[in-house]
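Student: Next comes the sequence, and after it the predicted model I'd like to discuss.
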Amino acid sequence: MAITGNQVSIAKEFLLKGEVVAVPTETVYGLAGNALDEKAVLLIFEIKNRPSFDPLIVHTDSLEKVKTFVSDLPEKAQRLAEHFWPGPLTLLLQKKSIVPDLVTSGLDTVAVRIPDHPLILELLRSLEFPLAAPSANPFGYISPTTAAHVNAQLGAKIPYILDGGECEIGIESTIVGFENEDVVIYRLGGLAIDEIERVVGKVKMMPHSTSDPKAPGMLKSHYAPRKPLFLNYKEAFVESTQAESTGYLLFDNFIGGVPKENQRVLSRTGDMREAAHNLFAYLRELDALPVERILAERPPMKGLGLAINDRLQRASFSEEE
Ligand code: TXA
Ligand code: MG
């Protein structure tokens, strides 16, 4: 088990030594190391068991610092940054050579974000280098939204978890790139598309292109629990003689005929923010129950519901390619 605490100075000490620590953000916990130190970056890939073709997000605390490692900031990127940073938005920008190729898996863009959590912001302000940080889960598993989630899976492999409580947003950042005049969404996430469109107008959607080298991490197995997860919860429920051995992830209401302890309701009031906040924690809880499968209800496709549906789809057993 890793030492868990809220001492920014301890996290900093380990990072200065080239080690990797877990850090809180408003989206999910990250596994952080010096983004400009190849050895630290390699360590991140090793600890996560992540394939090296899946690039990392670089975190920093100011637009001035961003400009030290990106070569170009398109006007729309600048507008989005000013509007939403710190916040759950990642921008794909042309990198300077100071960013190791390992961080970007050889791409000429680097994913950048200023996260919105007081502890990581304090840490970033105190450092002279930015932090590369993927979500702090083993590759392919659900992202962690508490320090305990991190400890359960990676605790034996890292020296320190900076504990910032429950992640407020609960799903990863929205990833946005720029192509000519277009703003392109590569990953749905904690910042809703309509909010982005209010600032830069209509965007292009490219979140499902698994073969697109621009988003090599968008793999089918992402965000999956260990138990098979099915999205057709209604049909499966009707003929279910297996209620006892099934966990239910529901949107806004419990269902009858099933033990209540096997059910998790994302938001009783149908609030998408609350649903996103609870999504990964509830999936973990269901995964830990003595059940054989998880059935999930799809939330409506509005606001953060798009990102929630995206995560459920990727986590699901029955997904068609
Ligand atoms: O909310 C978040 O974004 C969290 C917190 C810790 O900041 N981080 C996170 O990192 O979700 P990760 O590594 O789990 O997901 C990053 C995604 C990957 O799917 C990767 O393929 C994509 O970002 N990515 C990174 N650099 C990229 C690039 N240059 N071009 C396209 N996609 C990129
Ligand atoms: Mg991840």
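Tutor: Perfect, thanks for sending it. Numbers count the residues shown, from 1 in each chain. Ligands and ions are numbered 1, 2, ... in the order given.

Student: Please count neighbours and contacts with C-alpha atoms only from this point.
Tutor: Noted.

Student: Name whatever forms a beta bridge with the closest residue to L231 other than its chain neighbours.
Tutor: In this structure, L231 finds its nearest non-sequential neighbour in A296, 4.9 Å apart by Cα to Cα, 6 or more residues apart in numbering. Following DSSP bridges, A296 is listed with bridge partners L249.

Student: count of residues packed around A296?
Tutor: 23 (other Cα atoms under 10 Å).

Student: dump the residue contacts of it.
Tutor: Counting by Cα atoms under 8 Å, 6 or more residues apart in numbering, A296 touches 229-233, 248-250, 312.

Student: Which of those scores worst on pLDDT?
Tutor: Lowest pLDDT of the contacts of A296: Y233, 66.

Student: show me where the protein has helices.
Tutor: For the chain, the helices defined by DSSP state H occupy 8-16, 38-48, 63-67, 75-84, 101-104, 118-126, 147-154, 193-200, 233-238, 272-288, 305-315.

Student: remind me which residues of the stretch 201-321 of the chain are low pLDDT?
Tutor: The model of the stretch 201-321 of the chain has pLDDT under 70 over residues 207-223, 233-241, 318-321.

Student: go with 80
Tutor: 207-224, 232-244, 317-321 (pLDDT under 80).

Student: Can you tell me how far the nearest residue to T4 once chain neighbours are set aside is from ligand 1?
Tutor: Sequence neighbours aside, I161 is the residue nearest to T4 in space, at 4.7 Å (criterion: Cα to Cα, 6+ apart). Going from I161 to ligand 1 by Cα to the nearest ligand atom, to the nearest Å gives 13 Å.

Student: For I161, grab the count of nearby residues.
Tutor: As a burial measure, I161 scores 29 neighbours (other Cα under 10 Å).

Student: Close to ligand 1: what parts of the stretch 1-150 of the chain are there?
Tutor: 27-30, 54-57, 92, 104, 107, 109-111, 133-135 (Cα under 6 Å from any ligand atom).

Student: Of those residues, which count as buried by neighbour count?
Tutor: Neighbour-count burial (16 or more other Cα atoms under 10 Å) is assigned, among those, to 27-30, 54-57, 92, 104, 109-111, 133-135.

Student: For stretch 145-162, list every residue counted as buried.
Tutor: 145-151, 153-155, 158-162.

Student: Could you point out which of those is nearest to L63?
Tutor: L162 (24.1 Å; Cα to Cα).

Student: Verify the stated contact: that closest one with A11.
Tutor: Yes. Here L162 reaches A11: they are 6.6 Å apart, a contact under Cα atoms under 8 Å.

Student: Return every residue with contacts to both of the two.
Tutor: Joint contacts of L162 and A11 (Cα under 8 Å, 6+ apart) are V21.

Student: ok, back up a step: for the buried residues of stretch 145-162, which two are the farthest from each other?
Tutor: Greatest spatial distance in the buried residues of stretch 145-162: T145 and P159, 18.6 Å, computed using Cα to Cα.

Student: So for the protein, the centremost residue is which one?
Tutor: E172 (2.7 Å; Cα atoms, centre = their mean).

Student: I'd like the distance between it and ligand 1.
Tutor: E172 is 3 Å from ligand 1, by Cα to the nearest ligand atom.

Student: which residues touch that residue?
Tutor: By Cα under 8 Å, 6+ apart, the residues touching E172 are 27-28, 88, 189-190.

Student: Perfect, that will be all.
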